[in-house]
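Sequence first, predicted model second:
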Amino acid sequence: MPEGRYFFPNAARFVPAHASAASGRRLRVEDDIGTLLAEVPARAVRVSARLARLTRRFDLPDGGIFECDDNDAADALLRALGKRRRGGFTDRLERAWPVVALSLFVTLTTGAFFVVQVIPAVAEWLAKETLPAVAHTMSEQTLRALDFGALKPTRLKPADRARATKLFATVAAHARGGSGAYRLVFRAGGELGPNAFALPDGTIVMTDDLWPLIRNDQEIEGVFAHEMSHVDHAHGLQRVYEASLFPAALAIFTGDVSQISQMGAILPGIIAQSAYSRRFEQQADDDAAATLRRMGGKPSHMADLLERLDKRMCAGKTCPPSWIGDHPNTIERAARLRAEDRGALIDLCSGDWRARLALNCLGLTR
Amino acid sequence: MNALARAPDTLGTATTHAVAFRGRGGEYFRIWIVNVALTVVTLGVYSAWAKVRTQRYFYGNTFVAGHSFEYHARAWRILVGRAIALVLFTGYSLSVVVYPWSFSVWVLVLAAAFPWLVNSSIRFNARNTSWRNVRFNFSGRYFEAFIAYVVWSAAALAMFPLIPYTRRVHDYFYINHHSFGGRAFRTEFPASRIYVIYLVGFMVVVGVLVAGLGAAAGLADLATRMPGLARSVQVPIGPGDFSAIFISLIGLGFAFVAAFVTTMVTNLSLSSTTFAGGHRLVSRAAPIRVAWIVLSNTVLTLLTLGLFYPFARIRLARYRMGKCALIARGDLDDFTSEALTQQSAIGQEIAGFFDFSFGL
């Protein structure tokens, strides 16, 4: 017989009480000395679902409540009352360790599946479906923001610019989008140093500092081809979409939006995004190598430029491998590009484990 | 603070009832993981039931004067609210992508609907909460919410020095329209106190920025001097990572300050709250402690791929609730529920989709 408390209808006032099953499937609530407090048909009683050690509540039709801290006794009473929906099913799941283990497995695998497969696929689809006008507006706004901060007007000589534009047009003719899909823009990079980047609408920005580092036309052609690949695959848009899908997925998994937004905004976005962008860089390198070969050139020239850039940025030493950085380690990239000279990927799996992971080269042989 | 631990403590006719949170991390972990798995398996439909179980667990483990709170919302109401919110949110997202100009239309619609969203989501929560068989209620009206959440918020966006004052407007709106058993809560405190809190927060921001810059510079310096060291101990950090680390540090710094300021403001507005004449609320959470809990929770949750999340929530709730108390003058038996109609969850769920949450 479950011991508990009886609350008078809609009131905070209560007395210690116990409940029992009376004949005719009626719930009977009495106080300590046996005074009848309530007697109602069991089907008119609403019982709260069992949950952990929470007090079980029997809502009586008149607004009174019988509540009891002993869940097992409450369940026994409900069985005695012949109540079918006792609200104990989910609680049994939550208390069964095999179910908890299975849930953990389901959650982790679907979570991994989301991060590795679903988010990139959805982002790719969204990027493909984005209207050119929207991409154009976004690109214009980005460039305007950069012009306001990091970038300054170019100081490159008109002759150099003319030559770069001519090389750019040659590469564009061999790239996937064809002439007219891309536009070269010059800027002084400031803190960005020697750099080139692509905006979603086909605008490719080259900073002045990059130009003096070029020793061979094919080097800058490689850079252009690399950036054009970013445009072809809408990598920039994909990054934007991935960054916004990631917190959304987190919210789904934790089941609440508000708590997660602070944390979703900070770290995982950066880490996951970098892992994704590493993939983009590799794709762009591969495409650039293909474009260069189509033009009769050698991808290894781009590797030379990468190593020169690396030396310059890391003051004469080899830069340590980057884990969360934007671009894959230069050594890996250069090796990959050199391999492209021979027209195929060779076995690069002798490198460290990060290189192996990055190159997906496990099992690849000469 | 010792007075809270020794509850109930009788001071004349006033009795201090410390709030106790009895949730356990391991227990909530099992509820949470089953919730997540069922939500995934049912393609999100179960999320409404998951929300109810989560809310019930936290309310039902929060005890004042020996009795826990209860959460009464029906899952199907939340499900209907979520379905409508999802349709609206999809419409919003698609139309903004296809017709960028429609964004401004949505902003206007949202501004007009916002007071309603605020009221209905707070009211849904209040009416579905009870303690000792007596329900809470919220009585905010559209016009009042419009002034507080649209006019004042816009003013604060335009003039930053108005932010603390607007915070007080919001807290007044939230607390002063709540009632329990038909008897109103009332908070009142001078604006100068909230300005002092924000001033302290501002100084902490400056401190965090300086410390963050110093840490980033130190790390960068260390790595450029000893790239060999970074390699030999397999620290996978390259120069390109420093901007990411720096951004993360700044993000964490701001989360720290936000928790710090929020705690102080919550302490202030709750501790200034009286209700039904004689009863008073007290909140004495140490802002540094809360900020530390929030920060370490975030880091641990990330390191465990999210598995620490349920423990994190319990840990925060235990500390924050444990620092609250009710100082009752006279007994608590006289309360009776008002007759209340049931509320739809639509407003609350729409607000949830746009990531708005209202409260302290």
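Everything's here; your move. Numbers count the residues shown, from 1 in each chain, chains lettered A, B, ... in the order given.

what's the offset of the one helix or strand A:Phe113 maps to from the middle of its chain?
Taking DSSP states H and E as the criterion, A:Phe113 maps to helix A:97-113. Here helix A:97-113 shows a centroid-to-chain-centroid distance of 19 Å under the convention Cα atoms, centre = their mean, to the nearest Å.

Next, the residues that contact the helix or strand immediately after it in the chain from outside, please.
Where DSSP H and E defines the elements, the next helix or strand beyond helix A:97-113 is helix A:119-129. Residues from elsewhere that reach helix A:119-129, judged by Cβ atoms under 8 Å, 6 or more residues apart in numbering or on different chains: A:233-235, A:237-239, A:241-242, A:245-246, A:249, A:276, A:279, B:97. For the C-beta atoms, the positions are set from N, CA and C on the backbone; glycine is no exception.

which helices and strands sit right next to the helix holding A:Phe113?
The criterion is 3 or more Cβ pairs under 8 Å, 6 or more residues apart in numbering or on different chains; DSSP states H and E, and the helices and strands that helix A:97-113 contacts are helix B:25-41.

quick one on the thing from earlier: narrow the contacts of helix A:119-129 to those that are buried.
In terms of neighbour count (16 or more other Cβ atoms under 10 Å in any protein chain shown), the buried residues within the contacts of helix A:119-129 are A:His233, A:Ala234, A:His235, A:Leu237, A:Gln238, A:Arg239, A:Tyr241, A:Glu242, A:Leu245, A:Phe246, A:Ala249, A:Tyr276.

Take those residues and lay them out in JSON lines including distance to B:Leu88.
Formatted as JSON lines, those follow (distance: Cβ to Cβ, whole Å):
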{"residue": "A:His233", "distance to B:Leu88": "32"}
{"residue": "A:Ala234", "distance to B:Leu88": "28"}
{"residue": "A:His235", "distance to B:Leu88": "31"}
{"residue": "A:Leu237", "distance to B:Leu88": "25"}
{"residue": "A:Gln238", "distance to B:Leu88": "26"}
{"residue": "A:Arg239", "distance to B:Leu88": "27"}
{"residue": "A:Tyr241", "distance to B:Leu88": "21"}
{"residue": "A:Glu242", "distance to B:Leu88": "24"}
{"residue": "A:Leu245", "distance to B:Leu88": "19"}
{"residue": "A:Phe246", "distance to B:Leu88": "23"}
{"residue": "A:Ala249", "distance to B:Leu88": "20"}
{"residue": "A:Tyr276", "distance to B:Leu88": "30"}
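
What about those residues, which are in helices?
With helices defined by DSSP state H, the entries of those inside them are A:His235, A:Leu237, A:Gln238, A:Arg239, A:Tyr241, A:Glu242, A:Leu245, A:Phe246, A:Ala249, A:Tyr276.

how many other residues sit next to the nearest residue to the fifth one once chain neighbours are set aside?
In space, and not counting its chain neighbours, A:Tyr241 is closest to A:Ala123: 3.9 Å by Cβ to Cβ, 6 or more residues apart in numbering or on different chains. Burial of A:Ala123 is recorded as 23 neighbouring residues (other Cβ atoms under 10 Å in any protein chain shown).

how about the helices in chain B?
Per DSSP H, chain B carries helices over the ranges B:2-5, B:25-41, B:47-60, B:75-98, B:102-127, B:142-145, B:152-158, B:163-176, B:191-225, B:227-232, B:242-271, B:287-303, B:309-322, B:346-353.

and the fifth one, how far from the chain's centre?
Read it as helix B:102-127. Per Cα atoms, centre = their mean, the centroid offset for helix B:102-127 relative to its chain is 18 Å.

Would you indicate which residues of it are buried?
If you call a residue buried by 16+ other Cβ under 10 Å, then helix B:102-127 has these buried ones: B:102, B:114-127.

Perfect, I'm done here.
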